[in-house]
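Participant: no letters, just coordinates:
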Ligand code: ADP
Ligand code: ZN
Ligand code: ZN
């Protein structure tokens, strides 16, 4: 008996067995490739499943197996390596395999539709047409001429037939007689070419040579280059080399780094199709980019997180830009790290992977220190610009206006007066994070989350930044009816108001997710700013990546302290990364930039490190601390989470899980919890977590297996969700 083992999109962490579709010959069965899609019955629905393997037997009782309904592909649309990658990711992240396979397909194909033919429309003879006697069409000379033309080739493009004088009515007649059929030519893509790059400096040349020399085998490289040191130039030259060898390159970029400016830089270097994949595409656009990559028409793919699963022909190089960026980790559903999947992908494809960053993650620094990654530092800014000077503005006891000290205001005045641009960073949108009653102490809270509501004055609203709930901005305290409502804390709207009033002759551009909707908004703003008029840019993280503002000479961090007291063990690492990236926006062209940092803690190590332009040394100190505490990346971690409508259920479930699994866990694994999550209630659901620490990856993986198995065996209250997060990013 032959059985098809399939991955089915469902919350169950297992594969499903089916009988072959009726009428499938045994010879065809043997040829079914892993990764092909099938339509199958599942519960009361019909779904698209993905073939894992054809087996001789099943664990399920024989009579219980249902037949698959239909084969959807003749050949797998995924290469064997990409198939293996999906299988690996499902196992490593302990995620339902059907949902992982789904991540590799665009919606059209997930829905079980046929791939759209790519390439040029063409015609070919049918079997009947090929077998036609030479004089069979003697009475229709134009049809005979067309058949003669088609006999000379496997297929002829519609345009070529037209040029040869074959009109569409002739083709229609031949089609009606089943002698000719329409098809599509997969035109060989024109060989891609690259325009010459810049002459690399010594450090760039060393990095390029090392990665080039590693072509054809797996190796991992860390390109640790200060902001503006020419990392992108290194990528471009390696991609040129890769496509020149006839191979394809995959480039991953954080969501906010993938700007039209970035794409334009790649497009102007290469004379070939580049497939760009990001979350802002329509289904049709996404499908087309995916097909271009899969068929080899686009030898370069640039995309955000999910692009790591794009099929490519003959992958020869993987690049992860800003590899430290937390947007590479998916935070819900299939919780994978695109950076780590990219590394696995390079391994399965026998090619090098290059991780680039001015502020590498401690994970990557650790791997470089262990010699698992080759380390290529770029210590100088390229192209003659200098690193900015950095100064701390100690704001203790200083008067602040909308968060700005007199010294900062004076510096802004000088910058604008000199015809230059200034960029102010404040990572909190809205007007103020708190609304409070002066008379009774009432504070505006979200009714669905354990969180305060943010005041948005422009929209006269109170908004929850966690669940999105919105309420009208009240004028009176709902508790004591006083009208003495005060705001506390600072958001971009407030600084924006102040700056407009203080600098009425200059434009103030506020850049946050409230003011920028749609990709075009950002692009037109960038174009506007890059005309060079003196102005103030005020914004959140949105400003810190991917955009190149040559006219900006002053960068100021309004509230560096906001990042200092994170409870997460990665807090300091994140702060050092963010500050370094923000500072890196200054003085990227010609004139030397200046960075000002407002803080109450001028002696904080992250601040001191920034002053010394020494992220590298600071990160290594943080790594030593992690080592002492057995925290990632030295020790391993995973977390089981629950969310449900009742506060007690989640903790009960996790406590049961702990009891069920505890004795079977490998040595050295320890559990913490169950505990309420950092924000225990969000969008009306109560959240709890069980933290798992392990000395190394094998124990962490074994523990994950035990816990998932135990969780699947526990009775689950309806409406309780549980999930496992391997290598979690945010835990405390
Ligand atoms: P990064 O990606 O590290 O931020 P970029 O690749 O954007 O740096 O380079 C910063 C600037 O330096 C760009 O304007 C780039 O054109 C220029 N540049 C990079 N490499 C060189 C080089 N070898 N010679 C001259 N200019 C360079
Ligand atoms: Zn009140
Ligand atoms: Zn809320």
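Facilitator: Alright, I've got the coordinates. This structure is a prediction, so every number in the text was calculated from the model and none was measured. Numbers count the residues shown, from 1 in each chain. Ligands and ions are numbered 1, 2, ... in the order given.
Participant: how far away is the closest residue in space to residue 428 that isn't next to it in sequence from residue 454?
Facilitator: Excluding the flanking residues, the one nearest residue 428 by Cβ to Cβ, 6 or more residues apart in numbering is residue 491, at 4.8 Å. No exception for glycine: its C-beta is placed from N, CA and C like everyone else's. Note on residue 491: its distance to residue 454, by Cβ to Cβ, to the nearest Å, is 7 Å.
Participant: can you pull the contacts of the residue nearest to residue 428?
Facilitator: For residue 491, the contacting residues are 426, 428, 429, 430, 431, 432, 433, 454, 455, by Cβ atoms under 8 Å, 6 or more residues apart in numbering.
Participant: then residue 493?
Facilitator: 429, 430, 431, 456, 457, 458, 510, 514.
Participant: residues contacting the residue nearest the centre of the chain?
Facilitator: Centroid-nearest residue in the chain, with Cα atoms, centre = their mean: residue 305, separated by 2.0 Å. Contacts for residue 305 (Cβ under 8 Å, 6+ apart) come out as 252, 255, 327, 328, 330, 338.
Participant: who's in contact with the fifth one?
Facilitator: Taking Cβ under 8 Å, 6+ apart as the contact definition, residue 330 lies against 305, 336, 337, 338.
Participant: roughly how far apart are the spatially closest residue to the third one that is not a sequence neighbour and ligand 1?
Facilitator: So that's residue 337. In space, and not counting its chain neighbours, residue 337 is closest to residue 329: 4.8 Å by Cβ to Cβ, 6+ apart. Applying Cβ to the nearest ligand atom, to the nearest Å, the value for residue 329 to ligand 1 is 22 Å.
Participant: all helices of the stretch 1-150 of the chain, in order?
Facilitator: For the stretch 1-150 of the chain, the helices defined by DSSP state H, counting those that start in this stretch cover 26-31, 80-92, 97-103, 107-110, 127-130, 141-151.
Participant: just how off-centre is the third one within its chain?
Facilitator: Average the C-alpha atoms of helix 97-103, do the same for its chain, and the two points are 16 Å apart (Cα atoms, centre = their mean, to the nearest Å).
Participant: same check on the last one?
Facilitator: Using Cα atoms, centre = their mean, the mean C-alpha position of helix 141-151 is found 52 Å from that of the whole chain.
Participant: the fourth one now?
Facilitator: For helix 107-110, the distance from its own C-alpha centre to the chain's C-alpha centre is 20 Å (Cα atoms, centre = their mean).
Participant: mind listing what's buried along it?
Facilitator: 108, 109, 110 (16 or more other Cβ atoms under 10 Å).
Participant: residues near the nearest residue to residue 265 once chain neighbours are set aside, how many?
Facilitator: Excluding its sequence neighbours, the residue lying closest to residue 265 (Cβ to Cβ, 6+ apart) is residue 232, at 6.7 Å. Counted by other Cβ atoms under 10 Å, the residues lying close to residue 232 total 19.
Participant: before we move on, the earlier item: and residue 718, which of the helices of the stretch 1-150 of the chain is closest to it?
Facilitator: helix 97-103 (20.9 Å; Cβ to Cβ).
Participant: give me every residue in this protein lying close to ligand 3.
Facilitator: Proximity of the chain to ligand 3, by Cβ under 5 Å from the ion, involves residues 446, 448, 449, 464, 466, 467, 469.
Participant: need the pLDDT of the fifth one.
Facilitator: The per-residue pLDDT reported for residue 466 equals 91.
Participant: now render the buried residues of helix 107-110 as TSV, adding distance to residue 259.
Facilitator: Shown next, in TSV, are these (distance: Cβ to Cβ, whole Å):
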residue	distance to residue 259
108	27
109	28
110	28
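Participant: which residue is the nearest non-sequential neighbour of the residue in the stretch 1-150 of the chain that ligand 1 sits nearest to?
Facilitator: Nearest residue of the stretch 1-150 of the chain to ligand 1: residue 85, at 27.3 Å (Cβ to the nearest ligand atom). The spatially closest residue to residue 85, leaving aside those adjacent along the chain, is residue 345, at 5.2 Å (Cβ to Cβ, 6+ apart).
Participant: okay, and that neighbour sits in which element?
Facilitator: Assigned by DSSP states H and E, residue 345 belongs to helix 338-348.
Participant: which parts of the protein sit against ligand 2?
Facilitator: So the chain meets ligand 2 at 437, 439, 440, 442, 477, 479, 480, 482 (Cβ under 5 Å from the ion).
Participant: just the buried ones from those residues, in ChimeraX syntax?
Facilitator: Only the buried entries of these go into this ChimeraX selection, using 16+ other Cβ under 10 Å:
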select :437,442,477
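Participant: residue 144 contacts residue 137, doesn't it?
Facilitator: Yes: the pair formed by residue 144 and residue 137 meets the contact definition of Cβ atoms under 8 Å, at 4.0 Å.
Participant: bridging residues for the closest residue in space to residue 307 that isn't next to it in sequence?
Facilitator: Closest residue to residue 307 apart from its sequence neighbours, by Cβ to Cβ, 6+ apart: residue 277 at 4.2 Å. Per DSSP bridges, the residues bridged to residue 277 are residue 303.
Participant: could you pull up the residues touching residue 277?
Facilitator: So residue 277 contacts 286, 289, 290, 293, 301, 302, 303, 304, 306, 307, 310 (Cβ under 8 Å, 6+ apart).
Participant: any idea which of these is closest to residue 521?
Facilitator: residue 304 (18.4 Å).
Participant: which residues does the closest one contact?
Facilitator: Neighbours of residue 304 in contact, by Cβ under 8 Å, 6+ apart: 252, 253, 254, 255, 258, 277, 278, 279, 327, 338.
Participant: the fourth one contacts residue 279, doesn't it?
Facilitator: In other words, residue 255. Yes: counting by Cβ under 8 Å, residue 255 touches residue 279, with 6.8 Å between them.
Participant: per-residue pLDDT, residue 230?
Facilitator: 92.
Participant: burial measure for it, as a count.
Facilitator: Neighbour tally, residue 230, other Cβ under 10 Å: 23.
Participant: over to the one 10 residues further on?
Facilitator: Neighbour count for residue 240, taken as other Cβ under 10 Å: 21.
Participant: go on, residue 133?
Facilitator: Residue 133: 7 neighbours (other Cβ under 10 Å).
Participant: now residue 162
Facilitator: 12.
Participant: which stretches of this protein have low pLDDT?
Facilitator: 118-120, 186-190, 518-519, 545-546, 587-590, 732 (pLDDT under 70).
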